[in-house]
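Engineer: Got a predicted structure here, sequence first:
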Amino acid sequence: MSYARDLLRTRELLGNLVQREIKGKYRRTVLGQLWSLLNPLATMLVYTVVFSFIFQARPRVGDPSGLDIYPLWLMSGLLAWSFFTRAVTGGLSSIVSNAGLIKKVYFPRMHLPFAVTLSTGFNWLFELGVLIAAIWLFGGFPIPWIPLLLVFMVLLGLLATGIAMLLAIVNVHFRDTQHFTAIVISMWFYLTPVIYPISLVETAAAQRGDWILTVYRLNPMERFIAVFRNLLYDNTWPALDDSLVCFAWAIGAFLLGYVVFVNNEKRLAELL
Amino acid sequence: MTESAVVVDGVSKRFRLYRERNATLKSALMRGRASVYEEFWAVRDVSFDVPRGTTLGLIGRNGSGKSTLLKTLARILHPDEGQITMSGRVASLLEVGSGFHPELSGRENIYLNGSILGMSRKEIDSRFDEIVDFSEVRKFIDQPVKNYSSGMYVRLGFSVAVHVSPDILIVDEVLAVGDAAFKTKSKRKFAEFRDQKRTIILVSHSMPQVRALCDQVVWLDGGRVRAIGPSDEVVDAYLAHIDADEVDSNEE
């Protein structure tokens, strides 16, 4: 618990590290913070052309929002997914890339992955703001769901940070971790119903065996994406079991990452 | 007897010397264990007390364990044996400008670096002008630090560091920063620290500096304490030992 007190005492440092990430990222660019919106817009365009026009994927009609627009359905899930991957990959390399700092001055090292998650979350807030405005414009009404949305953003942040802390420690020992993680994440993306609806998996499972769906739904990101779509696209309460699974994964992953990180932190300076 | 600000009790630090230091999963799997290594004790069973308000110097040849001990005191490394007890706020100055972000301005970096060194925003606000004046970079304070000359860069870093005003300051030969005028100013700052009854632990290769600043000196040799006592006594013994060894100590 003394480590947690240390973290709390140095919270201003965390604030400054987050600012460093945010301000440093788009320095010397003409568009600045706009880049954080252009990126998802470009992805949205590509996926919409490929999957909506070419593959003719039909999203579910939003219930009760009545929305039937693939790009909005896509982005309700994709923004959460891209936050998750950016927080995990950024956090996992945060220790190695700040080696110079870690070797020269003491501070609770956990602030480094925390700063990545928070600065990524800050960008995500921007993207969500635009998405919420767009959904509203096209007939949805996601405004009352914003508080609950923020709760699930925090939960997803905890999940991502937990995984990032765990992998950051492994990455100090084996630099293979970051390359390996990149592969796992790109496979994970296709195993999560982000660009296609889960109904396709349900159909496949009905033909080939129900176990497929059971295994498929072990993926915590499947639950998170479902919850974010419920809140943003459907404008309704998320399913209770999805919410509980999200909560359990978030707390479990964060605690595991925390414990592993605290137990290994003391030796980081000599391992780097 | 005055109370101790720092108590070092039987501290040892071990390093692992890896025979092949390529941290890849493949090499680990091929060998069936993490790595092959030999143990090396960089610091062995070191004990001393630093009374509050005094300055302690760590001297010794290259590789004697000074820097390792200093890093252990600064909490960057964790001792494998023994214990270090510090009472009061600690700041360490092992490198100037740690954590400067090249794209951010001097102003933003003062806040970032200050908080890395343990200052609160309020403290930085109140000392901001002092920091800038001391560093002599006021004209460029809103420029990104990557445009700074190396002199300006280290002066700014040093200036932030000496304004942390901790109870215990841990310093690694950073007094040799900037031109002659800046050095004089830095020395005055350290004299000020001593007058304010702050505790300082420093590593230095400059024996005149050690004589001038330190009350007490610890001479490390091969990771162990060779001698400990009043600065003139220990420095004389150290210099005599070096002369006897006919080793060029690179002093003066």
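Structural biologist: The structure has been received and is ready for your questions. Residues are numbered from 1 along each chain as shown, chains lettered A, B, ... in the order given.
Engineer: hey, let's count contacts and neighbours off CA atoms from now on
Structural biologist: OK.
Engineer: now the residue nearest the centre of chain A: how far from A:Leu218?
Structural biologist: For chain A, the residue lying nearest the average C-alpha position, counting by CA atoms, centre = their mean, turns out to be A:Phe84 (1.7 Å). Distance from A:Phe84 to A:Leu218, counting by CA to CA, to the nearest Å: 17 Å.
Engineer: Give me the below-cutoff pLDDT ranges for the chain.
Structural biologist: If you meant another chain, say so; for now it's chain A. By pLDDT under 70, the low-scoring segments of chain A are A:1.
Engineer: that's the wrong chain, I meant chain B
Structural biologist: Screening chain B residue by residue with the criterion pLDDT under 70, one finds the ranges B:1-2, B:19-36, B:174-177, B:246-252.
Engineer: Could you pull out the strands in it for me?
Structural biologist: In chain B, strands defined by DSSP state E lie at B:4-18, B:37-51, B:55-59, B:81-86, B:90-93, B:168-172, B:199-203, B:216-221, B:224-230, listed in chain order.
Engineer: Ok, which of the ones you listed comes nearest A:Ile143?
Structural biologist: Shortest separation from A:Ile143 across these is recorded for strand B:90-93, at 47.4 Å, computed as CA to CA.
Engineer: If I follow the layout properly, B:Pro51 ends up in contact with B:Met86?
Structural biologist: No. In this structure, B:Pro51 is not within contact of B:Met86 by CA atoms under 8 Å, at 10.8 Å.
Engineer: Find residues that contact each of the two.
Structural biologist: B:Ala5, B:Val6 (CA atoms under 8 Å, 6 or more residues apart in numbering or on different chains).
Engineer: need the contact list for A:Val262.
Structural biologist: If you count contacts by CA under 8 Å, 6+ apart, A:Val262 has them with A:Tyr3.
Engineer: how much space between it and chain B?
Structural biologist: The span separating A:Val262 from chain B equals 13 Å under the rule CA to the nearest CA, to the nearest Å.
Engineer: Can you get me a residue count around the residue nearest to B:Val132 when sequence neighbours are not counted?
Structural biologist: Beyond its immediate neighbours in the sequence, the residue positioned closest to B:Val132 (CA to CA, 6 or more residues apart in numbering or on different chains) is B:Arg138, lying 5.7 Å away. B:Arg138 sits with 16 neighbouring residues when counted by other CA atoms under 10 Å in any protein chain shown.
Engineer: Now the phi/psi pair for the most far-flung residue of chain A relative to its centre, please.
Structural biologist: Relative to the centre of chain A, and counting by CA atoms, centre = their mean, the farthest-placed residue is A:Gln207 at 32.0 Å. The phi and psi torsions at A:Gln207 (degrees, to the nearest 10) take the values phi -80, psi -40.
Engineer: Relative to A:Leu191, how far out is it?
Structural biologist: Here A:Gln207 is placed at a distance of 18 Å from A:Leu191 (CA to CA).
Engineer: do the same with B:Gly151
Structural biologist: The value you get for B:Gly151 to A:Leu191, if CA to CA is used, is 54 Å.
Engineer: repeat for B:Ser150
Structural biologist: Separation of B:Ser150 from A:Leu191 (CA to CA): 51 Å.
Engineer: quick one, which of those two is more surrounded?
Structural biologist: Between B:Ser150 and A:Leu191, counted using other CA under 10 Å, A:Leu191 has the larger neighbour count: 16 against 12.
Engineer: Report the contact partners of that one.
Structural biologist: Taking CA under 8 Å, 6+ apart, we find A:Leu191 in contact with A:Tyr216.
Engineer: mind checking how far it is from B:Ile116?
Structural biologist: Shown here: A:Leu191 relative to B:Ile116, a distance of 41 Å by CA to CA.
Engineer: A:Phe254 now?
Structural biologist: Relative to B:Ile116, A:Phe254 is positioned 24 Å away (criterion: CA to CA).
Engineer: Ok, A:Ala168 next?
Structural biologist: Between A:Ala168 and B:Ile116 the distance, using CA to CA, works out to 20 Å.
Engineer: what does B:Arg52 give?
Structural biologist: Noted for B:Arg52: a distance of 25 Å to B:Ile116, by CA to CA.
Engineer: Neighbour count for those two, which is higher?
Structural biologist: Between B:Arg52 and B:Ile116, counting by other CA under 10 Å, B:Ile116 is the more crowded of the two (26 against 19).
Engineer: my guess is that one contacts A:Glu12, does it?
Structural biologist: No. Contact between B:Ile116 and A:Glu12 fails when scored by CA under 8 Å: they sit 9.1 Å apart.
Engineer: my read is A:Phe141 is in a helix, agree?
Structural biologist: No. The assignment for A:Phe141 by DSSP: H, G, I helix; E, B strand; the rest coil gives coil, which leaves it out of any helix.
Engineer: Hmm, B:Gly114 is touching B:Asp125, no?
Structural biologist: No. Under the criterion of CA under 8 Å, B:Gly114 is not in contact with B:Asp125, lying 10.3 Å apart.
Engineer: quick one: which of the two has more around it?
Structural biologist: More crowded of B:Gly114 and B:Asp125, by other CA under 10 Å: B:Gly114, with 26 against 14.
Engineer: nearest spatial neighbour of that one, skipping sequence neighbours?
Structural biologist: The spatially closest residue to B:Gly114, leaving aside those adjacent along the chain, is B:Val160, at 6.2 Å (CA to CA, 6+ apart).
Engineer: residues contacting that neighbour?
Structural biologist: With contacts defined as CA under 8 Å, 6+ apart, the neighbours of B:Val160 are B:Ile110, B:Asn113, B:Gly114, B:Ile131.
Engineer: ditto for A:Asn171
Structural biologist: Under the contact definition (CA under 8 Å, 6+ apart), the residues listed for A:Asn171 are A:Leu92, A:Ser93, A:Val96, A:Thr177, A:Gln178.
Engineer: rerun that using 6 Å as the cut-off
Structural biologist: Taking CA atoms under 6 Å, 6 or more residues apart in numbering or on different chains as the definition of contact, the neighbours of A:Asn171 are A:Thr177.
Engineer: Now do the buried residues in the helix or strand harbouring it.
Structural biologist: Assessed by DSSP states H and E, A:Asn171 sits inside helix A:146-173. Burial within helix A:146-173, assessed by neighbour count using 16 or more other CA atoms under 10 Å in any protein chain shown, is assigned to A:146, A:149, A:152-173.
Engineer: Which strands and helices lie in contact with the helix or strand following it?
Structural biologist: Following the chain from helix A:146-173 toward its C-terminal end, the next helix or strand by DSSP H and E is helix A:176-190. In this structure, helix A:176-190 packs against no helix or strand, with contacts taken as 3 or more CA pairs under 6 Å, 6 or more residues apart in numbering or on different chains; DSSP states H and E.
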